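Enquirer: Everything below, folded, please.
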Amino acid sequence: MRAVVGMGVGKEERMTVAPEEAYGAVDPDALADVPREIIPADAQSAGQELVARSPDGSTRVVRVKEVRGARCSSTSTIPAPA
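Expert: The predicted structure follows:
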């Protein structure tokens, strides 16, 4: 990431990072529409992040994108820390 090259230890800067330079662009295949009842009540609002576990046991960070009626849509682009 070019913005931090040459920065000294402890130096702070504000910057905007394009998705392509960070985690990558949103993958439309990573969008999911799930029943609202599987999302914890305190996380049922746009922007909330959760860790989801897939059937194979791997985990991913998912972000609630939208809540409407009995459904929540979410996106997953970030592997969860081990």
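
Enquirer: wait, what's in contact with P40?
Expert: By C-beta atoms under 8 Å, 6 or more residues apart in numbering, the contact set of P40 is L50. In this view, the C-beta of every residue, glycine as well, is placed from N, C-alpha and C.

Enquirer: now it: how far from S73?
Expert: Distance from P40 to S73, counting by C-beta to C-beta, to the nearest Å: 16 Å.

Enquirer: ok, now P19?
Expert: To S73, P19 is 18 Å away according to C-beta to C-beta.

Enquirer: Settle it for me: which of these two has more neighbours?
Expert: S73 (15 against 10; other C-beta atoms under 10 Å).

Enquirer: how many neighbours does V62 have?
Expert: By other C-beta under 10 Å, 23 other residues sit near V62.

Enquirer: so where does it fall, helix or strand?
Expert: Element membership of V62, judged by DSSP states H and E, is strand 59-68.

Enquirer: And that strand, what does it pack against?
Expert: For strand 59-68, the packing partners by 3 or more C-beta pairs under 8 Å, 6 or more residues apart in numbering; DSSP states H and E come out as strand 49-53, strand 71-79.

Enquirer: and it, which residues are buried?
Expert: Residues of strand 59-68 classed as buried: V61, V62, R63, V64, K65, V67 (neighbour count, 16 or more other C-beta atoms under 10 Å).

Enquirer: ok, that strand: who's next to it in the sheet?
Expert: Strand 59-68 has the following strand partners under DSSP bridges: strand 49-53 (antiparallel), strand 71-79 (antiparallel).

Enquirer: Quick check: mean pLDDT of the last one?
Expert: Per-residue pLDDT values across strand 71-79 average out to 73.

Enquirer: chain center to the strand holding V62, what's the gap?
Expert: Here strand 59-68 is found 7 Å from its chain centre; the criterion is C-alpha atoms, centre = their mean, to the nearest Å.

Enquirer: And for stretch 28-44?
Expert: How far stretch 28-44 lies from its chain's middle: 12 Å, per C-alpha atoms, centre = their mean.

Enquirer: before we move on, what about stretch 49-58?
Expert: Stretch 49-58 sits 12 Å away from the centroid of its parent chain (C-alpha atoms, centre = their mean).
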